[in-house]
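S.K.: generate coordinates for the sequence data below:
(chains A, B and C)
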Amino acid sequence: MTDEERRSLPLFPIRVVKQLTQLTPRQIRYYEEHRLIYPERTEGNQRLFSFNDVDRLLEVKRLIDQGVNLAGIKEIMQLELESQAQLDLQDEEEKETKRELSDRELRRHMKREAMMAASQKKTSMIQGQLSHFFH
DNA sequence: CTTCTCACA
DNA sequence: TGTGAGAA
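M.R.: Numbers count the residues shown, from 1 in each chain, chains lettered A, B, ... in the order given. I've put the predicted structure just below:
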């Protein structure tokens, strides 16, 4: 299981999130209504929040305290999503670069092996020529 | 306990 | 932006 999957698991009822964030249940539902969080539901239609949801709520709370309105918070979170996507892309490029480096190292290794083999042949050829002289 | 909706500031 | 009340 990846970290992202772990952070997205629906785990907490609203009463726990309330304690974790110091937000009123009313506010928490209000933020969901305005699509700042996306909690899952139980079979009884009760909200289940993930670590991600709690983190987002804490971020929302922080931004509200700083006087940012909900529209502004959405924009900020959207920007964070995009910059995170950019970081993921850079990660992939880095991995690809490493794969290319590995390939070069492999070729260098193969070249060394080829040269070793060639020098072995030279040696045995010289030995053959020398053995000819010693006849 | 939680859900939703309507009203209200 | 958020609350209170009331019903389920």
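S.K.: burial of residue A:25, as a residue count?
M.R.: For residue A:25, the neighbour count with other CB atoms under 10 Å is 12. No exception for glycine: its C-beta is placed from N, CA and C like everyone else's.
S.K.: for residue A:81, see how far away it is.
M.R.: The gap separating residue A:25 from residue A:81 is 26 Å, by CB to CB, to the nearest Å.
S.K.: likewise residue A:44?
M.R.: 31 Å.
S.K.: now the closest residue to DNA strand C within chain A. Nearest residue, chain neighbours left out?
M.R.: Nearest residue of chain A to DNA strand C, counting by CB to the nearest atom of the strand: residue A:70, 2.8 Å away. Among residues not flanking residue A:70 along the chain, residue A:34 sits closest, at 5.2 Å (CB to CB, 6 or more residues apart in numbering).
S.K.: residues near that neighbour, how many?
M.R.: Residue A:34 has 13 nearby residues by other CB under 10 Å.
S.K.: cool, and the one 5 residues further on?
M.R.: By other CB under 10 Å, the residues close to residue A:39 number 22.
S.K.: helix or strand for the spatially most central residue of chain A, which one?
M.R.: Per CA atoms, centre = their mean, the C-alpha nearest to the average position across chain A is that of residue A:88, at 5.9 Å. In this structure, residue A:88 sits in helix A:70-133 according to DSSP states H and E.
S.K.: coming back round to it: mind listing what the residue of chain A closest to DNA strand C touches?
M.R.: A:31, A:34, A:36 (CB atoms under 8 Å, 6 or more residues apart in numbering).
S.K.: per-residue pLDDT, the second one?
M.R.: According to the model's per-residue confidence, residue A:34 sits at a pLDDT of 95.
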